[in-house]
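In: Sharing a sequence plus its predicted fold:
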Amino acid sequence: MTYLSFLNCILRKEIATHTNLVVFGQNISAGSYLGGLTAGLSVPPESRIINTINAENSLVGFGFGLALSGTNAIFFMRQIDFLLLTTDQLVNTYNIIRNNPAGLPGSFTIMTTVIDQGYEGPQSSSNNLGDFCSLARIDAFTVTNKRDIEAIIPAQLVSPGFRIIAASPRLYKTDLLEPPLAYRSPTGNLFQYQEGNDTTIICFNLSFPYGYALAQAMQTKGLHPSLFSVNIPVPIKWNVILESVKKTKKLVIFDDSKSMNCSYYALLAEARLRFNLQKEIIITRHLGSDWLTPNSDQLEIDYQKVIKDIV
Amino acid sequence: MNMDKRSIAREVIRLRVQQMVVNEWYKAGRFKIPIHLGFGHEALAVAVSAVMGRGDWLFLTHRNIAYNLGREKSLKPFLDEYSLKPTGVAGGRFGSMNLIHPSRGILYTSSILANQFPVAVGSAFGFTVSDANGIAIVCGGDGAIEEGAFYESVLMAASIKAPILFLIENNEWSMHTSIRERRVDIDLKKLASSLGVLYVSLKGNNVFAYIQALARARKQILTSRAPLCIEVKVNTLGDWYDMKNPLYPQGKFVKYHTGASPSVMLSEEVVLQKNADDPLFVLGKLISEASVKKMAVQELAHIRKEMI
């Protein structure tokens, strides 16, 4: 089963169970169904699916308005670049709403994707979910494998309050990853997939598959890393990760974003401050003067070299 | 709506006198927050409150004081809110420009021009989804209709048939710039019509006529389950002239936008302008100037008692 078919299956299953729900977005039940993400969605008679006008900022306001009225809302947005059009509603409206102690009676979720395949040109250079979330301390979740999809979609898709969930089109056609789960934080913001003493691997944004590949390569060499994925960009409590770093003193960080303001900076600073690190390897994009031109977003990683560096 | 003419008149006067008290406190430096007074908006605010049904929701702008006072009789919770006290109408958490009062139907208020329109469309569509018998009323000004979010919201509301009233208060000014200084005319009737939305124009500050027109609009929206747009001509009162100087021998005209108005004094003379721009002047013509003055005196006495 592919990542996309599993994600679509869980979304269809979850959405079909909710009455008092409005599922909306541009072309969500037409054409390619957002690359297959929204294919086959159906809702009970009391709920609605709407192919909307092209008005991202207003559509985010529309979702907040529905949730204010007690109606649950899911806005399927093709990609997070479009969130740039919505900052007024994301910041101002959300701040006003959550300042009310009564909170948001309904649920509002923006289900979107981080364009991470590349070749889309300069307009798609915003690919760090955390950048959007830090604007207004918005809860956001990335989903990259069976475990986090199973944990996050049923718990967060329709639940009082507001959040953003982002999927990875780069993974759409790949086989679904099913890593064993060692630990999951109660809020779903941190997943640990392996427990080991040889190094600590932490994956940010949608980079989990890279970290998982490294962990598997290490195991074939008889090495046992701890493997984490940070699924919510802000705010993050690092305690579980720092406990691991305290043991391993070795750190490998993956971040597949192009941001100048990455979430891992804070973790790295704290780890350096608290521990005498023996090794730190950061695998991220090294963008030169061509960062605006269309090119691949795939990280090219020599895992054997990384392992050699760690050891 | 279950109000006799005298009660309606008393409401218009109450809103004027209560705002005059806020203005005095403002002059005395008792507020740290910015407040946009709504002198001249009283007739419309009373009419909106009068026609709102039990389940209706109101979405407001930064100039929301008249509507908020219209939905809550007592002044003290507002003075406390503006003073950021926990005893304020919203617990001192919202101040003025974003003041909400959900238990009185004021669900959301935005200080960002046009931000409130799409939120209101969403909540209005909530009535459709839940098959409830209510409408959303969203206020905005002639500045807000310049924003893209206004067009998007009317288009969205028309497309999904959301039961919503777009209430556009056209006071001709965006801060200190008049319409003719900043843009071409917007023919709102044509704009609404192009999207298949009914349009009604109101002017004259006759609170009784406003109530009738708004009640008709509400009924139309509930029947059609579709949006409707009303444009109301208002004049936000409280302008003044700066001190005379060689450049401005008569003093420079300052259009009231926010803060205390130095030209408004708390007194039993509640009429600020002797023409149709002032709802209190119009009210005097409708029920007699003596009645307006008498009720103003009573309202002042009531406020003094409340404050003690």
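Out: Nice, I can see it. Residues are numbered from 1 along each chain as shown, chains lettered A, B, ... in the order given.

In: Strands of chain B, residue ranges please.
Out: B:57-60, B:106-109, B:136-141, B:164-170, B:173-174, B:177-178, B:198-202, B:228-233, B:240-241, B:253-254 (DSSP state E).

In: Give me the mean pLDDT for the fifth one.
Out: The average pLDDT for strand B:173-174 rounds to 89.

In: Please identify the pairing partners of that strand and their relative orientation?
Out: Each strand paired with strand B:173-174, and its direction, by DSSP bridges: strand B:177-178 (antiparallel).

In: now the longest one
Out: Under the criterion DSSP bridges, strand B:164-170 sits next to strand B:136-141 (parallel), strand B:228-233 (parallel) in its sheet.

In: thinking again about what came up before, out of the strands of chain B, which is the most enclosed?
Out: Of the strands of chain B, the one with the most neighbours on average (mean count of other CB atoms under 10 Å in any protein chain shown) is strand B:57-60, at a mean of 29. No exception for glycine: its C-beta is placed from N, CA and C like everyone else's.

In: interface residues of the stretch 101-250 of chain B facing chain A?
Out: When proximity is defined by CB under 8 Å from any CB of the partner chain, the stretch 101-250 of chain B lies next to chain A at B:102, B:107-112, B:115, B:117-127, B:129-130, B:136, B:148-149, B:152-153, B:155-156, B:159-160.

In: before we move on, back to that, export the strands paired with strand B:164-170 as a markdown table, with columns for distance to residue B:255 and mean pLDDT.
Out: Listed next are the strands paired with strand B:164-170 as a markdown table, based on distance: least, CB to CB, whole Å; pLDDT from 0 to 100:
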| stretch | distance to residue B:255 | mean pLDDT |
| --- | --- | --- |
| strand B:136-141 | 13 | 98 |
| strand B:228-233 | 16 | 98 |
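
In: For the stretch 101-250 of chain A, which segments count as strands?
Out: Under the criterion DSSP state E, counting those that start in this stretch, the stretch 101-250 of chain A contains strands at A:107-113, A:140-142, A:161-167, A:183-184, A:190-194, A:200-204, A:226-230, A:250-255.

In: Return the list of strands paired to the first one, each annotated with direction.
Out: When sheet partners are counted by DSSP bridges, strand A:107-113 sits next to strand A:72-76 (parallel), strand A:161-167 (parallel).

In: Give me the contact list for the shortest one.
Out: When contacts are taken as CB atoms under 8 Å, 6 or more residues apart in numbering or on different chains, the neighbours of strand A:72-76 outside the stretch itself are A:15, A:18, A:20-25, A:28, A:34, A:37-38, A:59-60, A:62-63, A:66-67, A:106-112, A:157-158, B:122.

In: Repeat that for the longest one.
Out: Contacts with strand A:161-167, where a contact means CB under 8 Å, 6+ apart, come from A:7, A:37, A:64, A:67, A:80, A:83, A:94, A:97-98, A:103-104, A:107-114, A:129, A:132-133, A:138-143, A:152-153, A:156-157, A:206.

In: which among the residues you listed end up buried?
Out: Buried subset of those (neighbour count, 16 or more other CB atoms under 10 Å in any protein chain shown): A:7, A:37, A:64, A:67, A:80, A:83, A:94, A:97, A:104, A:107-114, A:129, A:132-133, A:138-143, A:152-153, A:156-157, A:206.

In: Tell me the spacing between residue B:125 and residue B:235.
Out: For residue B:125, the distance to residue B:235 equals 34 Å [CB to CB, to the nearest Å].

In: who has more neighbours, those two?
Out: residue B:125 (28 against 22; other CB atoms under 10 Å in any protein chain shown).

In: Please tell me the pLDDT value assigned to the closest residue to the more buried one other than its chain neighbours.
Out: Excluding the flanking residues, the one nearest residue B:125 by CB to CB, 6 or more residues apart in numbering or on different chains is residue B:162, at 4.5 Å. Looking at residue B:162, its pLDDT stands at 98.

In: Correct me if wrong: residue B:162 contacts residue B:134.
Out: No. Applying CB atoms under 8 Å, one finds residue B:162 not in contact with residue B:134, separated by 11.5 Å.

In: Compare neighbour counts for these two and give me the winner.
Out: residue B:162 (27 against 22).
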